[in-house]
Structure formats: structure tokens, C-alpha cells
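[1] Give me coordinates for this.
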Amino acid sequence: MALRDAGNTRLRRGSCRAGLAALALLTASMAATAAEVSQIPIIDAPPNTPALGGGLRLGTSPYVEDDLDFDLVPLYLYEGEYLFAHGTEFGAYLFRNQTFSFDAIVRYRFTNLDPNESEFLEGLDERRQTLDGGLSLGVRGGLGELNIEWLTDLLGRHEGEEFNLNYRYRWDVGNWMFSPFVTLSWQDDDLTGYYYGVSANEAAPGRAAYKPGNAKNVAFGLNSWYQLTDRVFLFGNLGFEGLDSTIKDSPLVEDDFGTSAFVGAGYLFGETRRSRSVPTERAGEWSWRVNAGYAAEENIFPNLMAGKWDRS
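    Predicted structure coming up:
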């Protein structure tokens with residue numbers, strides 16, 4: 001995941017620097033890590049540069065009998081003066097200068113549980129993925145970047161809230177960029193109850209009713225980015241997350257921590273790092289884009305093109 005933590009390094013490229021790379025991928029069932037790894041701002045490209053890409057997302061799940069989650073993730077990337085799209089996160093820059101940033105964000109939460117995946121999970125209600133939205137406040141300087149985020153459920157599925165405190169540092173070595181990070185995450189009992197709780201109606205032999213409380217999780221990892229050509233870039237990210245005891249004690253959970261990785265590539269369109277200046281007669285041009293297509297909740301892989309597609 002090229003890189004922002006998760007995600008939280010969407011620095012404006014005032015001098016052709018998007019800022020610290022976004023945390024690229026976190027485990028599909030871990031909230032803090034998932035946020036960090038799934039955002040990918042464009043690195044070292046002129047403002048208003050779009051890009052298309054994709055990657056393979058891998059992550060261990062804490063759920064019983066669910067060892068590995070993996071699927072292909074298509075990415076649309078854009079860094080504008082006021083708007084941005086970082087693959088699985090998008091939003092608006094409300095305020096930004098060389099030191100401070102204040103953004104409105106919407107982020108995809110990959111966490112889900114399918115009761116049909118194992119015999120142990122039979123009788124449970126499905127836990128679905130969702131969109132979280134909120135605000136992000138960032139402070140950056142020579143020692144790195146610190147971000148504070150508040151997120152809430154926009155689709156009314158877990159109906160909970162999450163606060164993230166993330167620190168990351170970036171350094172460049174030739175065409176390589178490396179960005180280690182650490183994240184502290186607080187989740188309320190509505191969020192943990194939806195994904196890790198067991199209601200009285202769901203209780204069964206070997207699966208007692210359980211209501212988790214607030215959770216405090218810790219995640220850390222490393223994001224990397226390589227500029228292969230002026231237009232083609234590669235990214236790779238790795239993250240680890242330790243779970244709070246209130247999650248680990250759930251009868252649905254068998255692992256104390258989660259690991260994740262996200263590797264992929266992208267292609268920059270329009271003007272690139274070595275671009276010429278915009279001609280005077282075109283400096284005021286602007287455009288609108290309208291997109292339409294089909295979407296599916298099921299993973300693209302391994303059920304490639306076999307999901308239930310709905311018009312979007």
C-alpha cells in the first residue's frame with residue numbers, strides 16, 4: 001500500500017510531494033490496520049494527477065476457522081487541490097498548509113464474517129463490510145507526521161465509532177520510499193459488539209453469548225513505494241495488529257493478533273514528475289467526470305466475476 005496511514009499521510013504535494021506515504025494495507029478483519037494499508041496517495045506527482053492501479057490484499061483473520069483472507073482490489077487514485085481518492089479512501093481537504101491538515105474522509109472497512117464459511121459459524125448473523133466517515137487532523141514536520149482520526153458508520157451496520165492516533169515517518173532512497181508507522185486505535189462497544197459479539201439468539205453449544213466492551217488495539221508496520229518509471233509505480237506494505245482482550249475473549253476469535261500485506265502497481269496519467277509547465281492558453285481549463293458500472297460485495301478473487309453484480 002503505498003502509503004499513508006492506512007493511513008493517514010495524505011500530505012499535499014506542494015513541492016511535488018504528496019507527503020508521507022499512506023499506510024497501504026491492513027488485515028481485512030482488523031480495523032486499525034485496514035485503515036492504514038488501504039489508502040494510497042500518489043507520490044511525487046504534480047497536483048491533480050490521476051492514476052489507476054490494483055493490488056493483491058492478503059490478511060490473516062482473527063475469526064475461528066478463517067485463517068487467510070485475500071482478494072484483488074482495483075484502485076482509482078487522485079490528488080487534487082480540494083479532493084482526493086486514495087483507492088479505498090476518499091474525501092476533501094478542508095484546511096491544509098505546510099504543518100497542519102484537517103480533512104473530511106470516507107473509508108471502506110473490510111471487516112466481515114460469513115456464517116456459511118464454516119460449521120462453527122452456522123446460526124450467526126452476517127457481519128458485513130461498511131463505509132466509515134469522519135474527520136482527520138494531522139500535524140507534520142521534520143520528525144514525521146502525527147494524525148488523529150474520528151470515524152463513524154455511514155451505512156448503519158455496526159453503528160459504532162472509532163478513534164485512531166497514528167504516527168509515521170518517511171525517508172527516500174533513490175526511487176524507493178519507506179514509511180514505518182504505529183497506530184493506537186480505540187473502538188466503542190457498538191463496533192466491537194457487531195463484529196465480535198454473540199447475541200443470545202446466536203448462542204450455541206461451544207459458542208456462548210458474549211458482549212465485548214470498548215477495545216484498544218495497537219498496530220505497526222512498514223509501507224514501501226518504488227517509482228519504476230515516470231508513470232509506473234509499485235507498492236508493498238506489511239502490517240501487524242495486536243487485539244484488545246475484550247476482542248480476544250470472544251468465542252468467535254481464536255488469534256491474538258493479525259497480519260496483513262498489500263502489494264500492487266499503478267499507472268500515472270496526464271503530466272508526471274518530469275512534466276513541462278502547462279501552456280498559458282490551457283491554464284484555466286477544467287472538466288467533469290461521470291462514472292457508471294457494476295459493483296459486487298463478494299471478493300473479486302477467488303470468485304472472479306462470479307459475484308452478484310448490481311448497477312452502481
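[2] What are the neighbouring residues in contact with V182?
    V182 makes contact with N166, Y167, R168, V218, A219, F220, according to Cβ atoms under 8 Å, 6 or more residues apart in numbering. Every C-beta, even on glycine, is put in place using the N, C-alpha and C of the backbone.
[3] So which of these are in strands?
    Those of those mapping onto strands are N166, Y167, R168, V218, A219, F220, per DSSP state E.
[4] Quickly check these for the two that are furthest apart.
    Farthest apart among those by Cβ to Cβ are R168 and V218. That separation is 14.4 Å.
[5] who's more crowded, those two?
    Between R168 and V218, R168 has the larger neighbour count (other Cβ atoms under 10 Å), namely 31 against 16.
[6] what's the spacing between R96 and D172?
    21 Å (Cβ to Cβ, to the nearest Å).
[7] Could you check which of these two has the larger neighbour count?
    Neighbour count, other Cβ under 10 Å: between R96 and D172, R96 has more, with 18 against 15.
[8] tell me which residues form a beta bridge with that one?
    Per DSSP bridges, the residues bridged to R96 are S101.
[9] now the farthest one out in the chain, which residue is it?
    Most distant from the centre of the chain: E281, at 39.0 Å, with distances by Cα atoms, centre = their mean.
[10] Check whether that one sits in a helix, strand or coil.
    Of the three states, E281 takes helix under DSSP: H, G, I helix; E, B strand; the rest coil.
[11] how near is it to G193?
    59 Å.
[12] in the stretch 1-150 of the chain, what spans have low per-residue confidence?
    For the stretch 1-150 of the chain, the stretches flagged by pLDDT under 70 are 1-39, 41, 43-44, 67.
[13] all helices for it, in order.
    With DSSP state H, counting those that start in this stretch as the criterion, the stretch 1-150 of the chain has helices at 31-37.
[14] hey, where'd the strands end up in it?
    2-3, 22-23, 49-59, 69-79, 83-86, 89-96, 100-109, 130-141, 144-153 (DSSP state E, counting those that start in this stretch).
[15] just so I know, which of these lies nearest F235?
    F235 sits nearest to strand 2-3 of all the strands of the stretch 1-150 of the chain, at 3.2 Å, using Cβ to Cβ.
[16] circling back to that earlier point, turn the ones in strands among the contacts of V182 into JSON lines, including pLDDT.
    Converted to JSON lines, the ones in strands among the contacts of V182 look like this (pLDDT from 0 to 100):
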{"residue": "N166", "pLDDT": "94"}
{"residue": "Y167", "pLDDT": "94"}
{"residue": "R168", "pLDDT": "91"}
{"residue": "V218", "pLDDT": "93"}
{"residue": "A219", "pLDDT": "91"}
{"residue": "F220", "pLDDT": "91"}
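[17] between the residues you listed, which is closest to L68?
    A219 (18.3 Å).
[18] What sits closest to that closest one if chain neighbours are left out?
    E241 (4.0 Å; Cβ to Cβ, 6 or more residues apart in numbering).
[19] So in terms of bridging, what pairs with the one you found?
    Assessed by DSSP bridges, E241 has beta-bridge partners A219, G258.
[20] Please work out how many residues are found near it.
    E241, neighbours per other Cβ under 10 Å, totals 27.
[21] Great, nothing more from me.
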